[in-house]
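Asker: attaching a predicted model along with its sequence, questions to come.
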Amino acid sequence: MIIGILSDTHDNLPRIEKGVKFFNRKRTEFVFHAGDFVAPFTIDKLNGLKCEWLGVFGNNDGERTGLKLKSLGRIRKPPLRIRLSGRRITVIHDRNTLDLGREKADIIISGHSHKAGISRVAGKLLVNPGECSGWLSGRSTVALLDTDKLSARIFKI
């Protein structure tokens with residue numbers, strides 16, 4: 001299964017739209033957003049995805065009730081734990097708030113740092129897609145995760 005991952009969109013509608021188009025072109029089967037949507041109006045762009053999506057709240061998501069309602073409950077309090085394609089996946093905004101060694105997951109998805117990275121810790125694949133918004137680094141990035149190969153890649157959009 002190919003899963004799209006984005007985070008830290010911070011209201012940048014043109015970049016969210018680019019991310020959605022990228023995921024649709026790559027025919028992703030599911031998308032995770034690792035937090036910091038910021039305002040509910042960003043959900044309209046995410047609803048352009050041609051697959052199902054889920055997300056978690058980040059530290060800049062102040063209007064949580066609006067985000068939850070607008071997303072029809074797709075945005076949840078972290079950590080989000082789900083099993084997809086036979087893999088245990090945990091989605092959290094700030095990876096530092098999670099005990100990586102004790103977390104029962106094959107894949108841990110996070111954001112918050114605005115720094116893209118893929119690594120392995122304690123047998124787990126850690127994926128941070130970086131920032132989709134590009135506000136902090138000037139680079140807009142997302143990730144694709146292949147659950148069959150248990151691998152991921154970062155893409156500049």
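Answerer: Great, that's in hand. Numbering: from 1, shown residues only.
Asker: just to be sure, Ile82 is in a strand?
Answerer: Yes. Assessed by DSSP: H, G, I helix; E, B strand; the rest coil, Ile82 belongs to a strand.
Asker: for the residue most central in space within the chain, give me the pLDDT.
Answerer: When C-alpha atoms, centre = their mean is applied to the chain, the residue found nearest the centroid is His33 (2.8 Å). His33 carries a pLDDT score of 98 in this model.
Asker: how about the residue nearest to it when sequence neighbours are not counted, phi and psi?
Answerer: Excluding the flanking residues, the one nearest His33 by C-beta to C-beta, 6 or more residues apart in numbering is Gly55, at 3.4 Å. C-beta here means a position set from N, CA and C on the backbone, and glycine is covered the same way. Main-chain dihedrals, Gly55, degrees, to the nearest 10: phi -150, psi 170.
Asker: and Gly55, what does it touch?
Answerer: Gly55 makes contact with Phe32, His33, Ala34, Gly35, Phe37, Leu46, Ser71, Arg74, Ile75, Arg76, Leu80, Val91, according to C-beta atoms under 8 Å, 6 or more residues apart in numbering.
Asker: likewise Lys115?
Answerer: With C-beta under 8 Å, 6+ apart, Lys115 has these contacts: Asn128, Gly130, Ser137.
Asker: can you say which of the residues you listed are buried?
Answerer: Using 16 or more other C-beta atoms under 10 Å as the burial test, the contacts of Lys115 include Asn128, Gly130 as buried.
Asker: any idea of the pLDDT on the residue nearest to His33?
Answerer: For Gly55, the model assigns a pLDDT of 98.
Asker: repeat for Asp146
Answerer: 98.
Asker: what's the distance between it and Asp61?
Answerer: 28 Å (C-beta to C-beta, to the nearest Å).
Asker: how long is stretch 102-121 end to end?
Answerer: Terminal residues of stretch 102-121 lie 11 Å apart, using C-alpha to C-alpha, to the nearest Å.
Asker: no wait, stretch 131-151
Answerer: End-to-end for stretch 131-151, by C-alpha to C-alpha: 19 Å.
Asker: residues contacting the longest helix anywhere in the chain, please?
Answerer: For the chain, the helix with the greatest residue count under DSSP state H is helix 13-25. Identification of contacts with helix 13-25 by C-beta under 8 Å, 6+ apart yields 4, 6, 9, 31, 41-42, 45-46, 48-51, 132-134, 140, 142, 155, 157.
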